[in-house]
Structure formats: C-alpha cells, structure tokens
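**Student:** This is the structure alone, sequence omitted:
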C-alpha cells in the first residue's frame, strides 16, 4: 500500500466510524420521539430544538455517573464484555459498500473500507462474535438473572443465525458472488417488467426471513428476550452501569445500523440510486463543476455527483430500515421464549431451506 | 368484550396482519391526537372542589377563625398547630396558626369540621419548595385569599 491508499483508507474508515457513532444519539432521539408519537404522546421535546439535544444530555449523564464495579463480579471479563459486544458491531460494517467507485486522478477508489472477496462469510463470522460479549457479560456478572438473560440471548442468537445464513444462500446463488461490492453492482442490471434485479424482487421470501432473523440477532422487539423486566430484570446487562451500560446500548444501535446496511445492500440494491434519482446527476454535476477546488481537478464533476447521490441513496435506504426497527418495535408485542424458538426452528429454518431449494430450481430453469 | 382469535390460514401467516398493524401505528404517528399536557405551560383542569393549599377566610380583613381547636383535633395528620389568644374585645383568635403542608394529606376534614367557615382548601397544588422550613405555612401566609370558597 502506498501513501495514497493509506490516506484513502484512513478517510473512509474515519468517515464510517464517525457517522456510525453519530447515528447512535440521533437514533436514540428518533426512537424516543417516534415511539412517543406512535403512542400518542409527545416525547422529549425540551432540550434543544425538538428535543434534539436530549441524547447529548444523556451522554453527559452517562459520562458523569460513577463507574461502579460490583464486588462479586469477575472483573476482567466483566470489563471486557461491553467492548467485545461493541467491536464486532463496528467491524461488520467494514465490508459494506456505501457508495460506488470514484476515479481520483488515475486511481479508482471503492467507497468500501475492505473489499473482501469473502464479504458475506466475513459478516456471518464477525456477527456471531457478538454472542461472546453477551455470554461473558452474563457469566462474569455472577448474578442469576444476568446468567439467565445471557443464556436466553445466546440461545436466541444461535438459533436465528441458521435462518439468517440460509436466507443469504439464496442471494449468493442468484448473484453468484459472496463479495458485497459485486452483489451490489449486480443489482443494477434490469430484470423482468422493467424492475431492477434487486434482491427483494428475486428473493422476497429470503428477504422476509433475513429481516426477521436480523431482528432477532440485534435483540430488538419483538425478539428482545434477553431483557425482561418481569422475569429476569434487565438480563445480561443487569450489573452494568454508567458508560459500560452505554456501550451495550451503543452496541445494540450499531447492530441495527449494520443489519439495516446489510438489508439494503443485499436486497435493496445497496448504493444503487433510488428510482428517479439519476435525473439529479446532471444538475448536481454542473453545480459541483461551478466550484474551483484543487481537489476537484482530480475528479470529474459527473463522477463526484454520482457518488454523492449513491451515498445519499444508501443512507436513505439504511435510514428507512432503522426507522423500520422503531416502527416494528411499537407495533408488535414480544414473543414468549418458546414461541421464539418455535418460530426460529419450526418456521424460519424449513422456510429458508425451502427458499434455497426453490431458488435453485428457478435458477436452473433460468427464471432468475 | 371477548375477541375471538382469527384462525384462518391467511391470519396464521401473520404477514398481512402485521402490515395492518404497521399501518395503524403509522396512522397514530401522524394523525393520532396527542394527549400529553405540557405541564408548566399547560395545566390540567381540576374541579373547583379540588383540595389543595389551605387558606383562612377573612371578612373585612379579619379572619373568621376563633381558635376553637376543632381542626387540629380532627386532623388525622396532626399538621395544624394553633395557639389561641384574646383580642381587646374579648374575642378568641389564633395568635399562631401553622399548617405543616409536608404532613398534610389534604383530606379536607378541617374544612368540614370548621364551625366558622374559616379554614378552606384552595385549588392550588404547586407547593414544592427547596427548604423543609418553607413547607410550614404561618398565619400570615394562610390569610392570603387563594380561592372563592
């Protein structure tokens, strides 16, 4: 790697990490206000305009709380667990392409942190690491409720990883690649009835399975079994307070971001522009062309405009799914644990196997 | 009302049911009438018979109270403290009339017991203070006419 690649990598990584960190307070605000409005309340609207600074106040509160470690915990694993949960949530995003490629000078820069040729397998392996954080948190807390919560959570996450992985097999077969960049690029090709070959059109059942499984993987309602006020209090993060609890909280939202990014990359065309957005490339290019930066001499305005719109449409898609997480949370009641296992093993697993078989047949006969 | 669960194949599939549910949630999000009362600006409308902060009714600037001690007797929280005195015209009156608002349970028994129509409960309910001592209302502050009872 020469200096240019290091700089490009640094800029991309920094951008993604910063944006992902900023998503958390905004998402907390959206969640609180959104849930309030859905329940015919108003929600936090006092701190700052529309209550936007409420999350900032929460962060300040978390930072200034006493960093308390209970005496009965295994200190090493207790302190390690939140980090173990948070880091995979960040790492998964590394292979998600958030924009097309841009020509800078004589080099082509992919807007993706790591262009791995085993993208999806990397995601599956890293995403399963999160379970260790939960188990460690529950076990090291030395508390029966924490342990029960973490057991429930790990059982849930392991059960739902199967349908999650199997629903991805359909996508792999259709696009004949495990590289997320290639999958995203392949979705631009037109398909039947003038529709683009987005994953949602070629793999509708696969999408439903993937979505349900990712709700379970991120421990969001209606599958938020790791927590349960009435039976296991707060579950695996019962013994955690102050910033350590905030890390669990952040990890949940990070996982939501990654799950939304995967849903939009695999099934909604990734960074492909939303319908109608391609008309904006021309005007935006002429607008960018009117500026005179030395940086802009390296890139063509059209390229720049296209990439900006691609990033914007990727953000819009991810934003929709983030909103969908909140939306579903306040629509569906949570499942009982046996119902959760029933859905995972008796419904989603056979359904995803059937989906693989049917997709294989359809591909064999050349339909998709 | 008993709701019979729908058990058709379409309903067991849940997908359409969930879509309907999402639609209802969204309808509430945009058009639902918000029931929040934004407290310091907006206030809940309480009945005129609401039992809040006390006051002693005055007629022509003289309190009705004759320090008969019925209200401290009936008070279940024992929060009324009266020391009686004598006016120049031989009429009995309260020299000290303290109500410990922090102990009061706003039952309104004092109001019922009063034969002179003196002690009354107003509709004021904002009595938070920074200091415990301020929770004891003295005669001077109780003579402020806070209601029309």
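**Tutor:** Structure's in. What do you need? Keep in mind it's a predicted model, so treat the numbers as computed, not measured.

**Student:** What is the neighbour count of residue 103?
**Tutor:** With no chain named, the answer covers chain A. The local packing of residue A:103 (other C-beta atoms under 10 Å in any protein chain shown) involves 14 other residues. The C-beta positions use only the backbone N, C-alpha and C, and glycine is treated the same way.

**Student:** I was after chain B.
**Tutor:** The burial metric for residue B:103, expressed as a neighbour count using other C-beta under 10 Å, is 14.

**Student:** Report the separation between it and chain A.
**Tutor:** Relative to chain A, residue B:103 is positioned 33 Å away (criterion: C-beta to the nearest C-beta, to the nearest Å).

**Student:** can you check residue B:61 too?
**Tutor:** Taking C-beta to the nearest C-beta, one finds residue B:61 at 43 Å from chain A.

**Student:** Show me which residues of chain B sit near chain A.
**Tutor:** Within chain B, the positions lying close to chain A (C-beta under 8 Å from any C-beta of the partner chain) are B:15, B:18, B:21-22, B:24-26, B:28-29, B:32-36, B:38.

**Student:** And those, which of them are buried?
**Tutor:** With neighbours counted by 16 or more other C-beta atoms under 10 Å in any protein chain shown, those contain buried members at B:21, B:22, B:25, B:28, B:29, B:32.

**Student:** Which strand or helix spans the fifth one?
**Tutor:** Residue B:29 is part of helix B:15-31 when elements are defined by DSSP states H and E.

**Student:** what's the helix or strand just after that helix in contact with?
**Tutor:** Using DSSP H and E, the helix or strand that directly follows helix B:15-31 along the chain is strand B:54-56. Contacts made with strand B:54-56 from outside it, assessed by C-beta atoms under 8 Å, 6 or more residues apart in numbering or on different chains, are listed as B:63-65, B:97, B:99, B:101, B:104, B:110, B:118-122, B:137, B:139, B:142-147.

**Student:** Next up, the contacts around residue B:57.
**Tutor:** When contacts are counted by C-beta under 8 Å, 6+ apart, residue B:57 touches B:63, B:64, B:117, B:118, B:119, B:120, B:145, B:149.

**Student:** go on, residue B:135?
**Tutor:** Residues counted as contacts of residue B:135 (C-beta under 8 Å, 6+ apart) are B:100, B:101, B:102, B:127, B:129.

**Student:** Could you identify which of those residues has the most neighbours?
**Tutor:** Comparing the contacts of residue B:135 on neighbour count, residue B:101 comes out first with 17 neighbours (neighbours: other C-beta under 10 Å).

**Student:** Please look at that residue and residue B:125 and confirm they touch.
**Tutor:** No - taking contact to mean C-beta atoms under 8 Å, the distance of 11.0 Å between residue B:101 and residue B:125 leaves them out of contact.

**Student:** Kindly provide the distance from residue B:100 to residue B:78.
**Tutor:** Spatial separation of residue B:100 from residue B:78 under the definition C-beta to C-beta, to the nearest Å is 9 Å.

**Student:** Tell me the gap between the one helix or strand residue A:244 maps to and the middle of its chain.
**Tutor:** Here residue A:244 sits within helix A:242-267, counting by DSSP H and E. Taking the mean C-alpha point of helix A:242-267 and that of its whole chain, the gap between them comes to 5 Å (C-alpha atoms, centre = their mean, to the nearest Å).

**Student:** what's the answer for stretch A:151-170, then?
**Tutor:** Here the centre of mass of C-alpha atoms in stretch A:151-170, compared against the chain's by C-alpha atoms, centre = their mean, lies 15 Å away.
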